[in-house]
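J.: sequence first, predicted coordinates after that:
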Amino acid sequence: MVAGELVDEEDWITVAHRLAVHRHPVSRLDRPHRRLDFSRHFHHLQSSGIAGTSSMVNHVVGRRNPDGCAEFLMSDERRRNAVDDTFLVRLNEAIDRAEERHDAALVIRSSLEGVFCSGADLTLPDAERALVSDRLYATYQRMLGSPVIFVAEVAGAAVGGGAQLCLAADVCMATPEAWFRFAGAGHGLAVGAWALVNIAGRHAAADMCLTTRRVDAPEAIRLGIATPWREELLAEITRTDPGARARLKQLLNADLHEPLERERTGNRENWTGSIEGLRR
């Protein structure tokens, strides 16, 4: 598998064509479980001179692994799998396909050694970065409400929005090389509290969020942020009853929707996208 390989029934040239012809900005993404279409919004940013296309060929969607689970493979080596609108287009296309095919699970993994996802692209203009952050939250909301089971396989750095992808996943498996950092407070964002209080408890969550320190795999596993990586997990999930999986997911995530929306709203209303705080 190489970066940019076109896979499955829909060629990504078609997706690129859609990005080139749609010129209408997408409406506000304020419903948590709707299908999210970022492609129109991306073209609106691009035609305004805000967004680029550098990551369009670096992430693979639609592939199925031997267990019959869908995969989203992050492969942007130059930017360490940083998140921009094209990243979100691809991730949401992967979710679309998994839901349409009734896949048991969607596995989110990286092809890069030592890197899972470095979070929002810090090279973006402030205005675009703020929009990307908000649309990441919309994607987390969608993941919580989807019947698909999301499995994050982390074998390196998961920072900022990448760490929050792990929180939004139903299962996060970590290798010994994995580490997590909830870095938002360093540049004006309150991130991670929506789930970390529920997972690790108030004091541990405050420690991680307020200090923005690195959390290595053994501590993350001890706190419940991740479980140890094991090869058989996906096969075990696919053997369970689909209806039971969906009901369990609703029960497990019931207390997360409201705090996630509060965190999203607070960041949207109070953050311009500036990362000036990182330079202090």
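T.: Arrived safely. Numbering: from 1, shown residues only.
J.: can you pull out the strands in the chain?
T.: Counting by DSSP state E, one finds strands in the chain at the ranges 59-64, 70-74, 105-110, 114-117, 149-154, 156-159, 171-174, 179-181, 214-216, 227-228.
J.: could I have stretch 114-126 exported to PDB, CA atoms only?
T.: What follows is stretch 114-126, C-alpha atoms only, in PDB (Å, rounded to 0.1, in the frame of the first residue of the first chain):
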ATOM      1  CA  GLY A 114       6.000   6.900  15.200                       C
ATOM      2  CA  VAL A 115       3.000   9.100  14.200                       C
ATOM      3  CA  PHE A 116      -0.700   8.600  14.500                       C
ATOM      4  CA  CYS A 117      -2.100  12.100  13.900                       C
ATOM      5  CA  SER A 118      -0.500  15.500  14.900                       C
ATOM      6  CA  GLY A 119      -3.800  17.400  15.100                       C
ATOM      7  CA  ALA A 120      -4.900  20.500  13.200                       C
ATOM      8  CA  ASP A 121      -2.400  21.800  10.700                       C
ATOM      9  CA  LEU A 122      -0.600  24.600  12.400                       C
ATOM     10  CA  THR A 123       0.500  26.100   9.000                       C
ATOM     11  CA  LEU A 124      -3.100  27.000   8.100                       C
ATOM     12  CA  PRO A 125      -4.300  30.600   8.200                       C
ATOM     13  CA  ASP A 126      -6.100  31.300  11.500                       C
END
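J.: how about that stretch: buried residues?
T.: For stretch 114-126, a neighbour-count test (16 or more other CB atoms under 10 Å) marks 115-121, 124 as buried. C-beta here means a position set from N, CA and C on the backbone, and glycine is covered the same way.
J.: re earlier: next, format the strands of the chain as JSON lines and append distance to W194 and mean pLDDT.
T.: Output for those, formatted as JSON lines (distance: least, CB to CB, whole Å; pLDDT from 0 to 100):
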{"stretch": "strand 59-64", "distance to W194": "25", "mean pLDDT": "63"}
{"stretch": "strand 70-74", "distance to W194": "22", "mean pLDDT": "94"}
{"stretch": "strand 105-110", "distance to W194": "19", "mean pLDDT": "96"}
{"stretch": "strand 114-117", "distance to W194": "18", "mean pLDDT": "97"}
{"stretch": "strand 149-154", "distance to W194": "16", "mean pLDDT": "98"}
{"stretch": "strand 156-159", "distance to W194": "16", "mean pLDDT": "98"}
{"stretch": "strand 171-174", "distance to W194": "15", "mean pLDDT": "98"}
{"stretch": "strand 179-181", "distance to W194": "15", "mean pLDDT": "99"}
{"stretch": "strand 214-216", "distance to W194": "17", "mean pLDDT": "99"}
{"stretch": "strand 227-228", "distance to W194": "20", "mean pLDDT": "98"}
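J.: ok, which of those comes nearest G192?
T.: strand 179-181 (9.2 Å; CB to CB).
J.: returning to what we had before: let's have the buried residues of stretch 114-126 in CSV, adding distance to W229.
T.: Below are the buried residues of stretch 114-126 laid out as CSV (distance: CB to CB, whole Å):
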residue, distance to W229
V115, 16
F116, 12
C117, 16
S118, 20
G119, 21
A120, 26
D121, 27
L124, 32
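J.: quick check: the farthest pair among these?
T.: Using CB to CB, the pair of the buried residues of stretch 114-126 lying farthest apart is F116 and L124, separated by 19.6 Å.
J.: who's in contact with the residue positioned nearest the centre of the chain?
T.: Computing the C-alpha centroid of the chain and ranking residues by CA atoms, centre = their mean puts L165 first, at 3.7 Å. Contact analysis of L165 by CB atoms under 8 Å, 6 or more residues apart in numbering lists 108, 117, 140, 152, 158.
J.: from T86, how far out is the second one?
T.: The spacing between C117 and T86, counted by CB to CB, to the nearest Å, is 14 Å.
J.: near R181, how many other residues are there?
T.: 21 (other CB atoms under 10 Å).
J.: thought it was touching A163?
T.: Yes - the pair R181 / A163 is scored as a contact, 6.1 Å apart, by CB atoms under 8 Å.
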